[in-house]
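turn this into a model:
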Amino acid sequence: MNELMNDIIHTADHFVENFSQDPVYTFIQKDSLDYSIESLVVVDELLDELRSDLELDEDTLYNMSSMIGCYVFETARKNYGGEYLWVRNEEQPVLVAGRPDFQVSIRAWQKVKGRLVNGKEDSIPFYIAGYQEHIDAAKKGDFIMIV
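Alright, predicted model coming up:
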């Protein structure tokens, strides 16, 4: 396992520990953050709460986007596969499935930030469903970035 993957897994697990035990977010049921696709609905609800409760300055946006984005990444990877790559010029990871035959990529940090800024139009469950659909439909040589 490479260092980037270790960091993402560790951050995702840290997110689960922190938010599963936080009494402020009572809608998060015990064990609901279990890396299942269904758990992304809980993540979407949490993002709604954070959006209305937090002062979303750039530091907060980055911290929330990267932490929650790691959970979204790990949920997608555990359910649909892929490997992590670091995009230097964007300073964020991507999850890429299908290599070497094809590439379907997502940027979870960017999508979580969009969800915090834009609201429900950047639905996390819808985004990850698109990842799975594109993986299933991909053909040899396809290069797909889901934004």
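
quick one: low-confidence parts of the protein?
Along the chain, segments meeting pLDDT under 70 span 1.

please redo it, this time with the cut-off set to 50
Regions of the chain meeting the criterion pLDDT under 50 are absent.

past the longest helix belonging to it, which element shows up next along the chain?
Assignment by DSSP state H gives helix 58-80 as the longest helix of the chain. Sequence order places strand 83-87 as the next helix or strand after helix 58-80, per DSSP states H and E.

which strands or helices does the helix or strand that that next one is followed by pack on?
Downstream of strand 83-87, the first helix or strand assigned by DSSP H and E is strand 92-97. For strand 92-97, the packing partners by 3 or more CB pairs under 8 Å, 6 or more residues apart in numbering; DSSP states H and E come out as helix 58-80, strand 83-87, strand 103-106, helix 108-118, helix 124-137. (Glycine included, C-beta is placed from N, CA and C.)

TSV for those, including mean neighbour count and distance to residue 36?
Formatted as TSV, the helices and strands packed on strand 92-97 follow (neighbours: other CB atoms under 10 Å; distance: least, CB to CB, whole Å):
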stretch	mean neighbour count	distance to residue 36
helix 58-80	20	7
strand 83-87	15	20
strand 103-106	23	17
helix 108-118	21	16
helix 124-137	17	11
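
of all these, which lies closest to residue 51?
helix 108-118 (5.3 Å; CB to CB).

other SSEs contacting the closest one?
helix 39-53, helix 58-80, strand 92-97, helix 124-137.

could you export these as CSV, including distance to residue 115?
Listed next are the helices and strands packed on helix 108-118 as CSV, based on distance: least, CB to CB, whole Å:
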stretch, distance to residue 115
helix 39-53, 5
helix 58-80, 9
strand 92-97, 15
helix 124-137, 6
